[in-house]
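Visitor: Requesting a structural model of the entry that follows:
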Amino acid sequence: MSVHLRPLAETVPPVTPVAAVPDAATGAPTPQQMHAVLQRALVETTALRGRLDALHAELEVAAAQLATTFGELPKLTAVAPGPQAAAPVASRPDPPSPAMSVAIEMAVAGCSRDEVRARLTDAFSIADPGAIVDAVFGPAA
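Guide: As a prediction, this is how the structure comes out:
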């Protein structure tokens with residue numbers, strides 16, 4: 001890592017998840033708990049955007065220093081987004097399937113991958129719920 005970028009990288013705090021306590025009656029997180037999780041995600045992404053802007057400014061300074069030392073260099077340009085990033089965003093995304101909703105609620109409530117997998121298999125007769133579990137928890141390690 002560049003000497004110029006290390007101090008900036010060291011200021012980025014680790015992301016800490018918000019603990020959600022499930023509703024006592026249903027075992028599912030309450031709307032207020034889900035709202036708190038979403039609010040925390042918004043705060044974290046906003047802070048991350050600010051850090052990325054600062055990093056971009058640092059890169060511009062480093063490029064200017066290189067140009068001073070080595071002569072004119074090509075201007076830094078961002079890498080073009082891949083095909084998925086270039087796709088237009090729908091005004092309203094499709095709502096998640098009932099199985100996906102249950103998996104998300106269980107994950108927020110602190111259930112394990114295996115518990116979610118068993119629930120999806122039993123409640124929705126999904127033979128291999130691996131894709132849904134991976135979508136919610138991320139790929140299995």
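Visitor: Just give the closest residue to Pro96, not the sequence neighbours.
Guide: Nearest in space to Pro96, with sequence neighbours left out and distances taken as Cβ to Cβ, 6 or more residues apart in numbering, is Ile104 at 6.8 Å. Just so you know, the C-beta spots here come from the backbone N, C-alpha and C atoms, and that holds for glycine as well.
Visitor: how close does that neighbour get to Thr30?
Guide: 14 Å (Cβ to Cβ, to the nearest Å).
Visitor: Those two: who's more crowded?
Guide: Between Ile104 and Thr30, counted using other Cβ atoms under 10 Å, Ile104 has the larger neighbour count: 20 against 15.
Visitor: Tell me how this protein divides into domains.
Guide: Per automatic domain parsing, the domain ranges recorded for the chain read 1-6+28-80, 94-141.
Visitor: Any buried residues in stretch 56-63, and which?
Guide: By neighbour count on 16 or more other Cβ atoms under 10 Å, the buried set for stretch 56-63 is Glu58.
Visitor: Okay, buried residues for the helix or strand that contains the residue nearest to Pro96 please.
Guide: Taking DSSP states H and E as the criterion, Ile104 maps to helix 98-108. The neighbour-count check on helix 98-108 (16+ other Cβ under 10 Å) flags 99-100, 102-108 as buried.
Visitor: what would those residues look like in CSV with pLDDT and distance to Ala67?
Guide: Shown next, in CSV, are the buried residues of helix 98-108 (pLDDT from 0 to 100; distance: Cβ to Cβ, whole Å):
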residue, pLDDT, distance to Ala67
Ala99, 91, 54
Met100, 89, 50
Val102, 91, 55
Ala103, 92, 51
Ile104, 91, 48
Glu105, 91, 53
Met106, 93, 53
Ala107, 92, 48
Val108, 93, 49
